[in-house]
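[1] Give me coordinates for this.
(chains A, B, C and D)
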Number of protein chains: 2
Amino acid sequence: MNIGEIARRAGVSRSTVSYALSGKRPVSDDTRQKIQRVIDELGYRPNASARALANGRTSTIGLVFPPAGNHYTGMQLDFIGSVVEAAAAYDYDVLLSPSGVDSDRSFQRLLGERRVDGAILMEIRLEDDRVDHLAALGFPSVAIGRTAHPEGGWWVGLDHTALVEACVHHLADLGHRRVAFVNRPEGLLRAGYESAHRGLDGFTKAAAERGLAVRTYCCGDDAASGQACLERILHDEPATTGLVTLNEAALGGLYRGLAEAGRHVPRDFSVTGVVAGRWAETVTPQLTAADVPAEEMGRRAVDLLVERLDHPGASPRHHLLAPPISLRASTGPAHGTS
Amino acid sequence: MNIGEIARRAGVSRSTVSYALSGKRPVSDDTRQKIQRVIDELGYRPNASARALANGRTSTIGLVFPPAGNHYTGMQLDFIGSVVEAAAAYDYDVLLSPSGVDSDRSFQRLLGERRVDGAILMEIRLEDDRVDHLAALGFPSVAIGRTAHPEGGWWVGLDHTALVEACVHHLADLGHRRVAFVNRPEGLLRAGYESAHRGLDGFTKAAAERGLAVRTYCCGDDAASGQACLERILHDEPATTGLVTLNEAALGGLYRGLAEAGRHVPRDFSVTGVVAGRWAETVTPQLTAADVPAEEMGRRAVDLLVERLDHPGASPRHHLLAPPISLRASTGPAHGTS
DNA sequence: TGGCAGTATCGAACCGGTTCGAAAAAGGAG
DNA sequence: CTCCTTTTTCGAACCGGTTCGATACTGCCA
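    Numbering: from 1, shown residues only, chains lettered A, B, ... in the order given. As a prediction, this is how the structure comes out:
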């Protein structure tokens, strides 16, 4: 079941079999057919490790996870799914790297041991040592997210600043004056997560522009935290009439908190934010939100990475996406205290 | 940066370096230290492909996806996350295989090209050619799910029949007489998905035992389908007062449909089913449900696979899980038409 | 001081492919 | 029929590790 066996049965040399398969040198028609017949008969497939060793390419890309710990959100699932699918179209496999507790170890595994040809990094931080490290090494990688200094890098990003600004303007246009911001968990904000920081920046800036009274909160990635967070919001400022969130996993909890406080959405309270479309449609009333185009981002990241792998000298490229807000049913005009 | 370079700099032979690293033969203390110093200095890591070629083990396990198409549910995310984490603890990497459109191709890639030492299969069908195929090949694999003939196989399963029965009994105990079943999408049922079939069996059986009037539905994996499905349920039998679902992605839509029909949960209508705990807590009121222990299942699947890899002769093992129903807030006593 | 056990290290073969240079075979022109 | 070009195939080296058999070195006892 190795190439030598195929060669023996076809009565040719190993190199001829190799060339017949790769097409890198011409092989006469009848020997090719003879070889093909033997291959089909035995169901032969070349050994991936041997091939990787010989030509230095593993045909595998690494998908590097955050040091976020044990919690995965729905958005990440969409990334993973679309990356795997897009990679398969280019004949690449996808190796998942947890980079959980000690990210260095699995990072070393992926790069140091040459398990992958390139990497896609998820959950980027503004100052991200992984990105810097890879850039210093010249290792082909694409970030899903954008560091504080994205110039000269390869990445696919979402313009969280602009999206959150749009959310704030949307609420302000509806007459809301007291608005809260529900961010990702505090640990992630402190760790410098891009979405948390840029989203917060956009919120602060737009709120200042519109002269809104605002409060910002961090919130755990689960429904219970969302509910608790909403209670805190109404406790701190009962006159709050709207919120913007980046935290899709807390969304259900936020809604529950509103329901239990007797605030009807969207009559008494407007909710909006930046979340995956699937989640926006799950809650009732459906969330007016900037839908994170996770699938497109994953696909584009793979496109960029493959381009980079195919053309080692290519100059850096990136995509900054800013999808429009999908108007659904969770926001409405403010009244009463406005 | 290869073993020869290390050997040269340390003034020893390549085999000595290899033995110093693997410990498979004794190496004197000072040469070991000399070698280690060089390795640390250069940051050397042995090439994974070369190692895999030499000793026939890739230290990688494959995670095989369903032919389900482009839709991933939250449960799958939890499986993936826990599998990756558990595998990392055993020093295994995880290779994702879509097996999307033509599952054969990526299957061949994984096994035929020897990219992985073993595989974990997700989304099992009652008659699953992948399982049969692997069993015939004697290839080390563990299924997350259980075929119609699970004897002699390695798997981690969820007792959907028992769980759905428990849900039905729960509703019947509360006095509900007309109950609906919301299954996975029709395509999956027709394809023979285990959860869809066994869940349906349990529902039918328990409903018959309790003499309930029932209807069963298939429902797409998204909120819009859930809403449509609920409308159909109430249209077909307006006196329905409860439902059992396996479809977590439709859950939000089911709730919305109930709200729009003016049925209050749990006062007018009880909802229960088998879904991941995270989803059960997202909806309001929180779902009384059998929580799918996705994390535990993923972890156990890895444990079994590693055991199988370490002891090639070991006799088949499995785990059939049947977590209890978590009483939350979505079910209550029936009244009115009862 | 020779013989011997035991330890430390080395060289070579091997895993299964790819690739290069050269040899062999085929075809065409003189 | 020879010579030369072109096409087709072959053998050997290489990728970077692992592993086996054998050699070199050490210390100990007779």
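
[2] Check which helix or strand the spatially most central residue of chain A maps to.
    In chain A, the centroid-proximal residue (Cα atoms, centre = their mean) is A:Phe79; its distance is 4.7 Å. Using DSSP states H and E, A:Phe79 falls within helix A:74-89.

[3] and the helix or strand just after that helix, what other elements does it pack with?
    Next along the chain after helix A:74-89, taking DSSP H and E as the criterion, comes strand A:93-97. Other helices and strands packing on strand A:93-97, by 3 or more Cβ pairs under 8 Å, 6 or more residues apart in numbering or on different chains; DSSP states H and E, are strand A:60-64, helix A:74-89, helix A:103-112, strand B:93-97. Just so you know, the C-beta spots here come from the backbone N, C-alpha and C atoms, and that holds for glycine as well.

[4] taking those together, which one is wrapped up most tightly?
    Mean neighbour count (mean count of other Cβ atoms under 10 Å in any protein chain shown) peaks for strand A:60-64 among those, with a mean of 27.

[5] for that one, packing partners?
    Looks like strand A:60-64 contacts helix A:74-89, strand A:93-97, helix A:103-112, strand A:118-121 (3+ Cβ pairs under 8 Å, 6+ apart).

[6] which neighbours does it have in its sheet, and in what orientation?
    Using DSSP bridges, strand A:60-64 pairs in its sheet with strand A:93-97 (parallel), strand A:118-121 (parallel).

[7] could you give the angle of that strand to helix B:74-89?
    With axes from the mean of the first three to the mean of the last three Cα atoms, to 10 degrees defining the directions, strand A:60-64 sits at 100 degrees from helix B:74-89.

[8] got a list of contacts for strand A:60-64?
    A:80, A:83, A:87, A:92-97, A:99, A:106-107, A:110-111, A:115-122, A:130, A:302, A:305, B:95-96, B:115 (Cβ atoms under 8 Å, 6 or more residues apart in numbering or on different chains).

[9] And stretch A:107-119, by the same measure?
    Contacts for stretch A:107-119 (Cβ under 8 Å, 6+ apart): A:57-64, A:92, A:95, A:97, A:99, A:130, A:133-134, A:137, A:139-142, A:305, A:308-309, B:43, B:45-49, B:51, B:60, B:93.

[10] What residue spans form the domains of chain A?
    A:3-46, A:60-158+A:294-321, A:160-291 (automatic domain parsing).

[11] re earlier: of the helices and strands packed on strand A:60-64, which approaches DNA strand C most closely?
    Evaluated over these, closeness to DNA strand C peaks at strand A:93-97, with 16.1 Å, by Cβ to the nearest atom of the strand.

[12] now the closest one against helix B:103-112, angle please.
    Orientation of strand A:93-97 against helix B:103-112 (the same axes, to 10 degrees) gives an angle of 60 degrees.

[13] Stretch A:7-19 and chain B in contact?
    No - Stretch A:7-19 stays clear of chain B (Cβ under 8 Å from any Cβ of the partner chain), getting no nearer than 14.9 Å.

[14] how long is that stretch end to end?
    End-to-end span of stretch A:7-19 (Cα to Cα, to the nearest Å): 11 Å.

[15] Could you confirm whether that stretch reaches DNA strand C?
    Yes - residues of stretch A:7-19 contacting DNA strand C under Cβ under 7 Å from any atom of the strand: A:Arg14, A:Ser15, A:Ser18, A:Tyr19.

[16] what about the first one, distance to A:Glu5?
    So the one you mean is A:Arg14. For A:Arg14, the distance to A:Glu5 equals 10 Å [Cβ to Cβ, to the nearest Å].

[17] residues contacting A:Ala261?
    With Cβ under 8 Å, 6+ apart, A:Ala261 has these contacts: A:Leu230, A:Glu231, A:Leu234.

[18] For those residues, pick the one with the most neighbours.
    Within those, most neighbours by other Cβ atoms under 10 Å in any protein chain shown means A:Leu230, with 30 neighbours.

[19] Please report how far A:Met122 lies from A:Glu307.
    Taking Cβ to Cβ, one finds A:Met122 at 19 Å from A:Glu307.

[20] interface residues of the stretch 201-338 of chain A facing chain B?
    Contact residues (Cβ under 8 Å from any Cβ) of the stretch 201-338 of chain A with chain B: A:222-224, A:249, A:251-253, A:255-256, A:259, A:278, A:281-284, A:286.

[21] Test my guess that A:Leu287 contacts A:Val271.
    Yes - contact criterion Cβ atoms under 8 Å: A:Leu287 and A:Val271 qualify, at 6.3 Å.

[22] Common neighbours of the two, please.
    Common contacts of A:Leu287 and A:Val271, defined by Cβ under 8 Å, 6+ apart, comprise A:Ser330.

[23] quick revisit: redo the domains of chain A as CSV? Include mean pLDDT.
    Converted to CSV, the domains of chain A look like this (pLDDT from 0 to 100):
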stretch, mean pLDDT
domain A:3-46, 97
domain A:60-158+A:294-321, 89
domain A:160-291, 97
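
[24] can the ones you listed go into CSV with extra columns for distance to DNA strand D?
    What follows is those, written out as CSV (distance: least, Cβ to the nearest atom of the strand, whole Å):
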stretch, distance to DNA strand D
domain A:3-46, 3
domain A:60-158+A:294-321, 8
domain A:160-291, 34
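
[25] Which among those is found nearest to B:His169?
    Among the domains of chain A, domain A:160-291 comes nearest to B:His169, with 27.0 Å by Cβ to Cβ.

[26] got the end-to-end distance for that closest one?
    For domain A:160-291, by Cα to Cα, the gap between its terminal residues amounts to 11 Å.

[27] can you give me the offset of it from its chain's centre?
    The chain centroid and the centroid of domain A:160-291 are separated by 21 Å under Cα atoms, centre = their mean, to the nearest Å.

[28] again with stretch A:328-338
    Remark: stretch A:328-338 is offset 32 Å from the chain centroid, using Cα atoms, centre = their mean.

[29] By proximity to DNA strand C, which residue of the stretch 101-250 of chain A wins?
    A:Arg114 (13.6 Å).

[30] what's the burial count for that residue?
    Applying other Cβ under 10 Å, we find 21 residues neighbouring A:Arg114.

[31] One more: the one 5 residues further on?
    Close neighbours of A:Ala119, defined as other Cβ under 10 Å, add up to 23.

[32] close enough to count as contact, A:Asp128 and A:Thr147?
    Yes - A:Asp128 is in contact with A:Thr147 according to Cβ under 8 Å; the separation is 5.2 Å.

[33] before we move on, the earlier item: only alpha carbons, please: show the helix holding A:Phe79 as CSV.
    Provided in CSV are the C-alpha atoms of helix A:74-89 (Å, rounded to 0.1, in the frame of the first residue of the first chain):
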residue,chain,number,x,y,z
GLY,A,74,-21.9,31.1,18.7
MET,A,75,-20.0,33.5,16.6
GLN,A,76,-16.9,31.3,16.9
LEU,A,77,-18.8,28.3,15.7
ASP,A,78,-19.7,30.2,12.6
PHE,A,79,-16.1,31.1,12.0
ILE,A,80,-15.0,27.6,12.5
GLY,A,81,-17.6,26.2,10.2
SER,A,82,-16.9,28.6,7.4
VAL,A,83,-13.2,28.3,7.7
VAL,A,84,-13.3,24.5,7.5
GLU,A,85,-15.6,24.7,4.5
ALA,A,86,-13.6,27.3,2.6
ALA,A,87,-10.3,25.5,3.4
ALA,A,88,-11.7,22.2,2.1
ALA,A,89,-12.5,23.9,-1.2
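
[34] what's next to that helix, contact-wise?
    Under the criterion Cβ under 8 Å, 6+ apart, residues A:61, A:63, A:65, A:93-94, A:96, A:120, A:122-123, A:144, A:248-249, A:275-276, A:278-279, A:292, A:294-299, A:301-303, B:65, B:70, B:72, B:74, B:76-77, B:80, B:96-98, B:100, B:106 lie in contact with helix A:74-89.

[35] and that helix, how far out from the chain's middle?
    Centre-to-centre, helix A:74-89 and its host chain are 9 Å apart (Cα atoms, centre = their mean).

[36] In a strand, A:His170, correct?
    No - using DSSP: H, G, I helix; E, B strand; the rest coil, the secondary structure at A:His170 is helix, not a strand.
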